[in-house]
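# Build me a structure from this.
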Amino acid sequence: MTKTTKHKIVYEENINNIKGKAIAIVYPETMQEIKNIIKLGNSDIVARGSGTSFTGAVIPKNTVVIDFSKMNQILDISPSKKTAVVEPGVLIKDLNEELEQYNLEFPIEPLFSGIETIGGIIAKNSSGNREMKYNRPINWVDSLDVINSKAEHQKISKSDLGDYCGMEGTTGIIIKAALRLTNKKQRSMTILKGNTLNDVFNANRKLRFDPEVCSIDMINKEINP
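Okay, here's the model as predicted:
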């Protein structure tokens with residue numbers, strides 16, 4: 001396990017300019033290393049994926065930051081069951097690139113889809129561009145492996161996922177996730193032009209009930225004339 005106090009500024013400020021203070025940054029590679037960090041009990045812990053939270057949830061306050069970038073293995077893919085088991089630091093982008101050979105995908109697309117980690121979006125239960133069709137990450141998780149505040153390993157079944165999905169690491173640190181997958185879709189984009197807000201609202205009401213539509217975005221004409 002790597003531990004450093006260098007370059008902490010990267011971890012002490014988020015995209016909203018919320019600032020904090022880190023004691024140290026650690027990069028575990030195994031479950032046992034995470035247990036050892038918790039057992040030290042010297043300070044609070046912040047679990048961090050890619051650090052894209054707008055709320056400041058990954059900003060330390062004299063805490064240790066656990067960076068999961070080295071726990072980034074895709075542990076299993078079952079094309080027949082349409083499932084995958086991954087470590088928390090796996091990028092959604094990398095998982096979907098691996099799934100292309102099976103014509104499968106993990107369909108959640110958060111705002112920063114190119115850099116978001118699986119552990120991060122589950123911890124935030126992030127909505128995304130395709131939420132109207134695919135809902136939130138909790139609907140695509142079958143089970144989780146977590147480490148609790150007593151450094152105990154727990155297997156979390158689907159019925160208890162709500163205690164961890166969306167809790168941003170406060171109830172336990174996610175170390176593995178079993179995910180459901182879907183067949184990869186061929187997607188296209190349609191651009192509709194409206195002259196008034198009523199035109200936009202009418203189009204939205206019609207499209208949001210179309211099962212083939214997974215995302216609707218409105219672009220102001222001043223931005224894209």
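# And the contacts of stretch 44-56?
Outside stretch 44-56, the residues within contact range by C-beta atoms under 8 Å, 6 or more residues apart in numbering are 11, 14-16, 18, 20, 22, 37-38, 57-68, 88-89, 91, 110-112, 115-121, 123-124, 168-169, 173-174. All C-beta spots, glycine's among them, are computed from the backbone N, C-alpha and C.
# go again using 7 Å as the cut-off
11, 14-16, 18, 37-38, 58, 60, 63-68, 88-89, 112, 115-117, 119-120, 123-124, 169, 173 (C-beta atoms under 7 Å, 6 or more residues apart in numbering).
# May I ask which helix or strand encompasses the residue lying farthest from the centre of the chain?
Most distant from the centre of the chain: Asn195, at 36.8 Å, with distances by C-alpha atoms, centre = their mean. Using DSSP states H and E, Asn195 sits in no helix or strand.
# so who does it touch?
Neighbouring residues of Asn195 by C-beta under 7 Å, 6+ apart: there are none.
# Let me know the pLDDT of it.
pLDDT for Asn195: 73.
# Phe209 now?
Phe209 is assigned 68 on the pLDDT scale.
# Ser157: neighbouring residues, count only.
9 (other C-beta atoms under 10 Å).
# is it true that it touches Ser143?
Yes: applying C-beta atoms under 7 Å as the test, Ser157 and Ser143 come out as touching, 5.7 Å apart.
# Now list the buried members of the contacts of stretch 44-56.
11, 14, 37-38, 58, 60, 63-68, 88-89, 112, 116-117, 119-120, 123-124, 169, 173 (16 or more other C-beta atoms under 10 Å).
# Using CSV, list the CA coordinates for stretch 140-153.
Extracted C-alpha coordinates of stretch 140-153, given in CSV (Å, rounded to 0.1, in the frame of the first residue of the first chain):
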residue,chain,number,x,y,z
TRP,A,140,-28.2,-2.0,-11.2
VAL,A,141,-26.4,-3.4,-8.1
ASP,A,142,-27.1,-6.9,-7.0
SER,A,143,-24.8,-6.9,-3.9
LEU,A,144,-21.9,-5.1,-2.3
ASP,A,145,-18.9,-6.0,-0.2
VAL,A,146,-18.1,-3.3,2.3
ILE,A,147,-15.8,-2.7,5.3
ASN,A,148,-17.6,-1.2,8.3
SER,A,149,-16.3,1.2,11.0
LYS,A,150,-15.1,-1.8,13.0
ALA,A,151,-13.0,-3.0,10.1
GLU,A,152,-15.3,-5.9,9.5
HIS,A,153,-16.1,-7.3,6.1
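# who's in contact with that stretch?
Applying C-beta under 7 Å, 6+ apart, the external contacts of stretch 140-153 come out as 31, 34-35, 38-39, 83, 106, 108, 122, 154-158, 161, 164-165, 172-180.
# For stretch 72-83, which residues meet the burial criterion?
72, 77, 82.
# cool, stretch 93-113 as well?
For stretch 93-113, burial by neighbour count (16+ other C-beta under 10 Å) applies to 94-96, 98-99, 102, 104-110, 112-113.
# Tell me how far the residue nearest to the spatial centre of the chain lies from Ser78.
The centre of the chain sits closest to Ile121, judged by C-alpha atoms, centre = their mean, with a distance of 1.6 Å. With distances taken as C-beta to C-beta, to the nearest Å, Ile121 is found 21 Å from Ser78.
# Also Val65?
Noted for Val65: a distance of 33 Å to Ser78, by C-beta to C-beta.
# Sweet, I'm off.
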